[in-house]
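Colleague: quick one, what's the 3D model for this:
(chains A and B)
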Amino acid sequence: AQKITQTQPGMFVQEKEAVTLDCTYDTSDQSYGLFWYKQPSSGEMIFLIYQGSYDEQNATEGRYSLNFQKARKSANLVISASQLGDSAMYFCAMRGLGGSNYKLTFGKGTLLTVNP
Amino acid sequence: GAGVSQSPSNKVTEKGKDVELRCDPISGHTALYWYRQSLGQGLEFLIYFQGNSAPDKSGLPSDRFSAERTGGSVSTLTIQRTQQEDSAVYLCASSSTSGSVSYEQYFGPGTRLTVT
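Modeller: Got it, this is the predicted structure:
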């Protein structure tokens, strides 16, 4: 079984500042993948970044980086230079990499508000 | 290219009626998923299709829910005898299972179901 915990229901950040969204996970899988998705008010889920449990380096995608600490079972998302368009719900998710079922387990999400 | 499409975008139905929700995945994606997003429950996995394999129905909440995927492409989620607790946004996602190891899932815009 897998579990994702996002302890921040809401976060506020000033435009152009960096923000960290927390995510901890629990799994019995030896090999797994961690994902972050963004859901704006329009409702569509947008894939942001992926980290494999076997990756030694933290993933980065533009202004997004994933602070992966395997021993702590954490996979925090860091957004640098926040923009007004970053205001949205952010979901952390994971799946096992063994077998053939790739279903995702999601956290409850964090609502990020970027203030001008 | 075209993303995942879902129809209808909104559906209001009376308690006890049956509803059908449609998902058209990205062309060439062999994996298709249905998730449900409701207040307080976050995103829940419902069902997973992969190629010609038997679907993983482990997330379906009751036998009133069923889904099929025709020709390895379009999928229909059917809810029989709808109940008010079925009110939610139903999200469909698809992914490739070759190439990138991350196999990120691409989501459709969802169908908002309201049962009155």
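Colleague: how far does stretch A:79-86 stretch from start to finish?
Modeller: 9 Å (C-alpha to C-alpha, to the nearest Å).
Colleague: scratch that, stretch A:33-52 is what I was asking about
Modeller: One end of stretch A:33-52 to the other measures 4 Å (C-alpha to C-alpha).
Colleague: that stretch: which residues count as buried?
Modeller: Neighbour counts over stretch A:33-52 (16 or more other C-beta atoms under 10 Å in any protein chain shown) mark A:33-39, A:43-45, A:47-51 as buried. (Glycine included, C-beta is placed from N, CA and C.)
Colleague: and the two most separated of those?
Modeller: Greatest spatial distance in these: A:Gly43 and A:Gln51, 25.1 Å, computed using C-beta to C-beta.
Colleague: quick revisit: of the buried residues of stretch A:33-52, list those near chain B.
Modeller: Filtering these for neighbours of chain B using C-beta under 8 Å from any C-beta of the partner chain leaves A:Gly33, A:Phe35, A:Tyr37, A:Gly43, A:Glu44, A:Met45, A:Phe47, A:Tyr50.
Colleague: show me what contacts the last one?
Modeller: Read it as A:Tyr50. A:Gly33, A:Leu34, A:Phe35, A:Ala59, B:Ser102, B:Glu104 (C-beta atoms under 8 Å, 6 or more residues apart in numbering or on different chains).
Colleague: from the residues you listed, which is closest to B:Leu60?
Modeller: Closest to B:Leu60 out of those is A:Phe35 (22.9 Å), distances taken as C-beta to C-beta.
Colleague: okay, and the beta partners of the nearest residue to the closest one once chain neighbours are set aside?
Modeller: If the residues on either side of it in the chain are set aside, A:Phe35 comes closest to A:Ala93, at 4.5 Å by C-beta to C-beta, 6 or more residues apart in numbering or on different chains. Under the criterion DSSP bridges, A:Ala93 forms beta bridges with A:Phe35, A:Phe106.
Colleague: A:Ala93 against A:Lys108, yeah?
Modeller: No - taking contact to mean C-beta atoms under 8 Å, the distance of 11.2 Å between A:Ala93 and A:Lys108 leaves them out of contact.
Colleague: neighbour count for these two, which is higher?
Modeller: A:Ala93 (24 against 17; other C-beta atoms under 10 Å in any protein chain shown).
Colleague: for A:Lys16, see how far away that one is.
Modeller: From A:Ala93 across to A:Lys16, the span is 28 Å (C-beta to C-beta, to the nearest Å).
Colleague: cool, A:Leu66 as well?
Modeller: Remark: distance between A:Leu66 and A:Lys16 (C-beta to C-beta) = 21 Å.
Colleague: how about B:Tyr48?
Modeller: Counting by C-beta to C-beta, the separation of B:Tyr48 from A:Lys16 is 41 Å.
Colleague: more neighbours, those two?
Modeller: For B:Tyr48 and A:Lys16, the more surrounded residue by other C-beta under 10 Å is B:Tyr48, and the numbers stand at 23 against 11.
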